[in-house]
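Build me a structure from this.
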Amino acid sequence: MRMSWRLASRLSVLVTAFLVVIIVALIGMRNNASSTSSASSTTSTNTSGLQGTDLGGTPAPNFRLTDQSGKLVSLSQFKGQPVVLTFLYTHCPDVCPLTAEKLHSVMLSLGSNAQHVTVLAVSVDPKGDTQASVLNFSRVHHMLDYWHYLTGTERQLSPVWSAYSMYASAATANTVNHSTALYVIDKQGKERAFLSDTFAPSQLTTDLNILLKE
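Below is the predicted model of the structure:
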């Protein structure tokens, strides 16, 4: 009876250890699959070789707003150049400054080709984004000569937000709840790729170099 108890005990220990090994292995496989899936979604490549979500070449809705220097600017005037379109506000504490810094990095990476690319930043804060705050934000993030930061009244800006499926709503006196995105538009004015605010500068640089050669 004593031998049977010892044998059963040992078998129980072995079975438990085996089950633990299997469970750990399964968890590791799931985590690896999750990481691979996450990396894939961040660096997904569409059929044109562009990184980001393929937008299928839909014509980008035109708009006309005022930039940081007081000039009226329309999207359609930049046909013949790739365009990066994003949505920001100058008092943003996190995502917007980071996006501006990444855009500056992209412009530097493009070198002389940066002059053949247009960057448009549309305000999501009609009240807070004054010409003075926009000029200051552009200088701080070294984008003054690289982009058109476009402002306007809520009546002027709201149709642009809607046209590009953006959400913007004042949360407090200095903060705005808003969706974030980058639209990559080709020389013909067609939407080609969508990048989230987690984009890597190298991804956008790659996309722009592809569109510059088309």
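
which residues in this structure form strands?
Using DSSP state E, the strands found in the chain span residues 53-59, 64-66, 72-74, 83-88, 118-123, 147-150, 168-170, 176-178, 182-185, 190-195.

Paired strands for the first one, with orientation please.
If I follow you right, that is strand 53-59. strand 190-195 (antiparallel) (DSSP bridges).

for this structure, what helix or strand is lowest in average pLDDT?
Lowest mean confidence among the helices and strands of the chain (mean pLDDT, DSSP states H and E): helix 2-42, at a mean of 44.

Worst mean pLDDT among the strands of the chain?
Ranked by mean pLDDT, the strands of the chain bottom out at strand 168-170, with a mean of 84.

could you say what helices and strands that strand packs with?
Applying 3 or more CB pairs under 8 Å, 6 or more residues apart in numbering; DSSP states H and E, one finds that strand 168-170 contacts strand 176-178. Any C-beta I mention is one placed from the backbone N, CA and C, and that applies to glycine too.

Give the buried residues for the strand it packs on.
V176, H178 (16 or more other CB atoms under 10 Å).

Show me the contact partners of it.
Residues outside strand 176-178 that contact it (CB atoms under 8 Å, 6 or more residues apart in numbering) are 87, 89, 91-92, 124-125, 128, 166-171.

Can you get me a residue count around S179?
Counted with other CB atoms under 10 Å, the neighbours of S179 add up to 14.

Which pLDDT value goes with it?
For S179, pLDDT reads 85.

Use 20 as the first number for this chain going forward.
From this message on, residue numbering opens at 20, which makes the last subject S198.

ok, it to T172 distance?
Going from S198 to T172 by CB to CB, to the nearest Å gives 20 Å.

And for D86?
15 Å.

ok, L104 touching I204?
Yes: between L104 and I204 there is a contact under CB atoms under 8 Å: 6.2 Å.

of the strands of the chain, which approaches A119 most closely?
strand 102-107 (6.9 Å; CB to CB).
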